[in-house]
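Q: I would like the atomic coordinates for the input below:
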Amino acid sequence: MLAFSILIALILSEYTASADGWNYDFQGKDWGESFPNCDGIRQSPIDIQSEAVLSAHYLSPFFFSEAFYRPVQKATLSNTGHGFKVSVDGNGLNMGGGGLTHRRYELLQFHAHWGDHTRFPMGSEHTVDKRQYPAEFHFVFKSKETSTLAVLGFFVELSDIAAKGGLGNLIDLLAQTKFDKDSSSGSEDGNHDDGNEAVDSSVDISNHLKMSDLIPIGRNGGELDGFYRYSGSLTTPPCNEIVEWTVFHKPIFISLKQYEKISECCLDTTGEVTQNNFRPTQPLNGREVFTSLDSDGIPVWL
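A: Predicted coordinates for the structure are as follows:
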């Protein structure tokens, strides 16, 4: 059990995106050369074909602990070299339900994937009937009973109205996550081989956001009634096939200006703006995709 926990910790550290060993130059097509799991048969993301999904009565509403409705007491915003990440583990941000395998999961971190202005609206990793959204948020949870992962994915769509509250504040804070072009290198911490001082790419954003402003849970959870479920993998190296995926039907809405802030938020370790940090969809290879809604669009538990 200890060895397995250590393995999961190593996988999680990779999933938060090491700046060493891989990039998006070929949209992940070359990852299998260094990370064999990336050539596996249960890879993510996927294209969700709405006519082929199956209604599953084992799916149920999600529930979230009270900590989701309070300011997060300990949160760190960082530049991973492939985008931004917000670490929030240790705050009692627990989730359950949803038909997930285990009773309770703790939120560890969340991050996003996006495109650029020239390929707009490409940017999300999952697609629905080949439709790609401008961006996609991933909220990474770990089981409290074991060390398995559950990821909640939300598409990002554009609106004439800017997102307010925690999400708007987070987007405004993203400008602080850039690496300094003259001080960064290919290493994860931005260290120079010549011994120059490393650039601090992390920002303490404790008490600056509430998770209920980011995940549209409300008090009744109705916004989360519609979702897809399938078994897959991490969407970045090492691509381990250990994730129970939930992708929600309803997107998160932000303005075009806010999308531009996200897509220009982060410099990679070469000093270039991080864009198109999404992996293309992978073959289903016979996997089934389930939905929480019946043929009339009503949650299966009603």
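
Q: quick one, helices of the chain?
A: Ranges of helices in the chain, per DSSP state H, are 2-15, 165-173, 256-263.

Q: Just give me the lowest mean pLDDT stretch among the ones you listed.
A: Mean pLDDT is lowest for helix 2-15 out of the helices of the chain, coming in at a mean of 42.

Q: for this protein, what are the low-confidence residue spans?
A: Scanning the chain for pLDDT under 70 picks out the ranges 1-20, 179-200, 218-222.

Q: Give me the neighbour count for the residue lying closest to D225 once chain neighbours are set aside.
A: Take D225 and drop its neighbours on the chain: the residue closest to it by CB to CB, 6 or more residues apart in numbering is P299, 4.6 Å away. Using the backbone N, CA and C atoms, a C-beta is placed for each residue, glycine as well. If you count neighbours by other CB atoms under 10 Å, P299 ends up with 18.

Q: now P299: how far from S87?
A: Distance of P299 to S87, given as CB to CB, to the nearest Å: 32 Å.

Q: Spit out the contact partners of A135.
A: Listed by CB atoms under 8 Å, 6 or more residues apart in numbering, the contact partners of A135 are A112, H113, W114, G115, G123, S124, F155, V156, Y259, I262, S263.

Q: Correct me if wrong: the fifth one contacts H117.
A: No: counting by CB atoms under 8 Å, G123 stays clear of H117, with 10.4 Å between them.

Q: So the two - more neighbours on which side?
A: Each of G123 and H117 has its neighbours counted (other CB under 10 Å); G123 has more, 25 against 11.

Q: The residue nearest to that one when sequence neighbours are not counted and S255, how far apart?
A: What sits nearest to G123 in space, not counting adjacent residues and going by CB to CB, 6+ apart, is G115, at 3.2 Å. For G115, the distance to S255 equals 16 Å [CB to CB].

Q: Among those two, which residue is more densely surrounded?
A: Legend: neighbour count by other CB under 10 Å for G115 and S255, higher for G115 (21 against 16).

Q: show me the contacts for the more buried one.
A: The neighbours of G115, taking CB under 8 Å, 6+ apart as the test, are P121, M122, G123, P134, A135, S263, Q275, N276, F278.

Q: Please tell me which one of these counts the most neighbours.
A: Ranked by neighbour count (other CB under 10 Å), those have A135 at the top, with 27 neighbours.

Q: which residues of the stretch 201-302 of the chain fall in strands?
A: Counting by DSSP state E, counting those that start in this stretch, the stretch 201-302 of the chain has strands at residues 202-204, 227-232, 243-248, 252-255, 290-291.

Q: how about the ones you listed, which one is nearest D25?
A: strand 227-232 (23.2 Å; CB to CB).

Q: Enumerate the positions of that closest one that are buried.
A: Within strand 227-232, the residues that qualify as buried are F227, Y228, R229, Y230, G232, counting by 16 or more other CB atoms under 10 Å.

Q: thinking again about what came up before, next one: the residue nearest to D225 from Y58, what distance?
A: Applying CB to CB, the value for P299 to Y58 is 13 Å.

Q: Ok, S78 next?
A: Taking CB to CB, one finds S78 at 37 Å from Y58.

Q: Which one of these two is surrounded by more residues?
A: S78 (22 against 11).
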